[in-house]
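Engineer: Quick one, fold the following:
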Amino acid sequence: MSDDSDFSVLESYQLASFGRTLLDVSPKVANHGLAVIDQEICSQIRNCTLYSTIPQPLQSSTKIAQSAVEELLDLIPEKTECDLLVKVYLYDISWCYRTIHFGSFWEDYKNFWRSDVSAIKLDFLALLLAMLTVSSSFISPTMISADLNIRLIRELSIPWYNGCRQAMHLSKFEYSPTLLHLQAFSVLQTYFHARNDSQSLHLLLGQAVAAAQQLGLHRLEVPSHNNYNHIEFEIKKRLWWDLCSCDSFQAVSLSRPPLIRSVQCTVPMLANAHDSGITRDHVEELPLEKQPTYVSVTIYINRLLQIFNTLWNEDGEYTSSLDDIIQVDQRLDFFLRSLPWYLKFTSDGTLPILPEDQQLNLVHWQFHYLWSCAYTQKLRMHRVFLSPRVDYSFNACEDAVQKVLQAYNQLKMSVQYIGTTKFLTQGYQIFSASIAQAIFILVEKPRYSLHIKSQVKSCSKDLELLASFHVISPVVHQGTRILRKLLQLLDRQDRRFIGVPKESGPVLKYKQSEAISKDIYPVFGGLHLTQSYVRRASTNERSDSTHNEKELFPISKGLESPASTSKTIRTPDDENYGEFDEHFGDSPTWDLFFNDTFWDNCDWGSWNSFPSNFN
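Structural biologist: Residues are numbered from 1 along each chain as shown. Here you go, the predicted model:
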């Protein structure tokens, strides 16, 4: 059996008292619950403001520290409600970042509710608050009582996030990190992506990588004897590879050098095993090519991002060689062709049929994540060779833009997805892929533009659906606005091609191209690369093309389907809430991140050299 064997229990929960409980908590959060922590200990992170410098170790008295723990515990809802939100995270969301071992977590969770305040582990409390943060952001309204306003739960994600960061600080994450701290970071990635908070993710990732070095995760080896804790060893491997993947993903998204050269990493890969098959004394590993688990896709995602990690050399310089890009592209194609049966489309282009008795319903969602990530990055790395046009790169982009949402489109046809928690977490993936499609057809005007444009329209409607479920996410709300604008521009481009009067001149004005670039660069490949690419749509010159205008817009009935072709967290009241910092991601290096002023309070002798050690 997989780890979803008790998921039916989750569906039976009803939050009859959730409204009362959360209404009791919310005023405390707003007016008193965090006051002592803010004023006495953590003033630097009040209102979600992150550290400008790393604070010194706490010198607070035991009495004040005890009071701080009690105030943080005030943020935890009643056990029944907390159980639900934790289950929502574990069984509907954790497939994105699989670092938690379910069995050991549930053991710690039970001990948490049995413990006196003096025995509470603050690093575990940070992990728990991270789960509440993410679950409250995406829980389906169908899973709560009808008389409870879903917006109330959504809004609690902010104080729960505040509490998580303060619990991490109180438990000395910056000086004495634990595996639980790194698990809390892993959980928060979903929250940061939803909030467009690349700066907080950027900062916390650096702290997490340094913490992993302190814990020796980058030098993990299989013990020579069998007398070791197999659960802990698997968790360590999961955490290290999660950091590698997060780092490489941020690198390709923002065009900045990765911290970790994961392509040379010697840490053993994760065991393909259900959590129920991992005990302290043994791991029941399954054949990766034949038997899927929820860890299987994570393994392949790690391998995928290792391929992209090779785009930078050992000095952190991104390759400018077309030959290197083609080599990486060919490795990517071979990787995708070599995926096991459960990560391949069937002969008719549909999703693979998974064994029902193992309840592996989330593997299809993981497949979508891997597939869209692969083809979005294929577009990113080839775009720089489209002006002047290199045929190989143009063909690769044309192929990618048709396939990037192939798994997602099939997923929508095969499951009841609307309103589910799984669907509500998809804002970032939908936005990233549809932006890549829309900008490509706006600038390059490829064949099958009408078909690709129809997919962008579908994604725009999906983002509107997400917004209707009150998901507090700039990716969703800004993404809807941005896609509407791009669709208007594409409509104008269509009219221009068929000779509509008054539609001459560039489709996109220069100022519009700059505004769009600032809106989309965190998912498009960094500000400068985005600006230089989008500006091409603001000129009258068309890219060199082998297609005439009739080929650009073939008759719809003749179209082939993609399946058949080869910072600071801001509150919603802030007028700048969710906007991107236009300077973030500009730097070609991480020198600013590693300057002495930023880290002068850290007692890590090897800090300045640690990136070069992660080989």
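
Engineer: C-alpha only now, for contacts and for neighbours.
Structural biologist: Noted.

Engineer: which residues are contacting stretch 104-112?
Structural biologist: 120, 121, 124, 231 (C-alpha atoms under 8 Å, 6 or more residues apart in numbering).

Engineer: Now do that stretch: distance to the chain's middle.
Structural biologist: Relative to its chain's centre, stretch 104-112 lies at 26 Å (C-alpha atoms, centre = their mean, to the nearest Å).

Engineer: Buried residues, the helix or strand harbouring residue 109. List them.
Structural biologist: Taking DSSP states H and E as the criterion, residue 109 maps to helix 102-114. Going by neighbour count (16 or more other C-alpha atoms under 10 Å), the buried part of helix 102-114 is 102, 103, 109, 112.

Engineer: Chain neighbours aside, what residue packs nearest to the first one?
Structural biologist: The shortest distance from residue 102 to any non-neighbouring residue, by C-alpha to C-alpha, 6 or more residues apart in numbering, is to residue 275 (6.3 Å).

Engineer: wait, the one you found sits on residue 99?
Structural biologist: No - using C-alpha atoms under 8 Å, residue 275 makes no contact with residue 99, being 10.7 Å away.

Engineer: of these two, who's got more company?
Structural biologist: residue 99 (25 against 22; other C-alpha atoms under 10 Å).

Engineer: returning to what we had before: tell me the phi and psi of the residue nearest to residue 102?
Structural biologist: Dihedral pair for residue 275: phi -60, psi -30, per degrees, to the nearest 10.

Engineer: Can you check the pLDDT for it?
Structural biologist: At residue 275, the model reports a pLDDT of 94.

Engineer: What of residue 247?
Structural biologist: So residue 247 comes in at 96 (pLDDT).

Engineer: cool, the one 4 residues further on as well?
Structural biologist: As summarised for this prediction, residue 251 has a pLDDT of 93.

Engineer: Which strand or helix spans it?
Structural biologist: helix 230-254.

Engineer: Next, the angle from that helix to helix 102-114.
Structural biologist: Counting by axes from the mean of the first three to the mean of the last three C-alpha atoms, to 10 degrees, helix 230-254 lies at 100 degrees to helix 102-114.

Engineer: and helix 230-254, what does it pack onto?
Structural biologist: In terms of contacts (3 or more C-alpha pairs under 8 Å, 6 or more residues apart in numbering; DSSP states H and E), helix 230-254 is packed against helix 179-194, helix 198-214, helix 294-309, helix 510-524.

Engineer: Please repeat the previous calculation with a cut-off of 10 Å.
Structural biologist: The contact analysis (3 or more C-alpha pairs under 10 Å, 6 or more residues apart in numbering; DSSP states H and E) places helix 230-254 against helix 102-114, helix 179-194, helix 198-214, helix 294-309, helix 363-382, helix 510-524, helix 527-534.

Engineer: quick one: that helix to chain centroid distance?
Structural biologist: The answer for helix 230-254 is 12 Å, by C-alpha atoms, centre = their mean.

Engineer: can you pull the buried residues of whichever strand or helix holds residue 487?
Structural biologist: Element membership for residue 487, per DSSP H and E: helix 474-497. Within helix 474-497, the residues that count as buried by 16+ other C-alpha under 10 Å are 474-480, 482-484, 486-487, 489-490, 492-494, 496.

Engineer: which ones are touching residue 537?
Structural biologist: Going by C-alpha atoms under 10 Å, 6 or more residues apart in numbering, residue 537 touches 439-445, 506-510, 512-513, 543.

Engineer: Report the buried members of those.
Structural biologist: 439, 440, 441, 442, 443, 444, 445, 506, 507, 508, 510, 513.

Engineer: looking at it, the second one is touching residue 456, isn't it?
Structural biologist: No - contact criterion C-alpha atoms under 10 Å: residue 440 and residue 456 do not qualify, at 11.3 Å.

Engineer: joint contacts of those two?
Structural biologist: Common contact partners of residue 440 and residue 456 (C-alpha under 10 Å, 6+ apart): residue 434.

Engineer: about what we covered before: would you turn the buried residues of helix 102-114 into a markdown table with pLDDT?
Structural biologist: Converted to a markdown table, these look like this (pLDDT from 0 to 100):
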| residue | pLDDT |
| --- | --- |
| 102 | 95 |
| 103 | 94 |
| 109 | 97 |
| 112 | 96 |
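
Engineer: Same list (the residues you listed) but as CSV, adding distance to residue 433.
Structural biologist: As requested, these are arranged in CSV below (distance: C-alpha to C-alpha, whole Å):
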residue, distance to residue 433
102, 31
103, 35
109, 37
112, 40
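
Engineer: which residues sit in contact with residue 464?
Structural biologist: For residue 464, the contacting residues are 458, 476, 477, 479, 480, 481, by C-alpha under 10 Å, 6+ apart.
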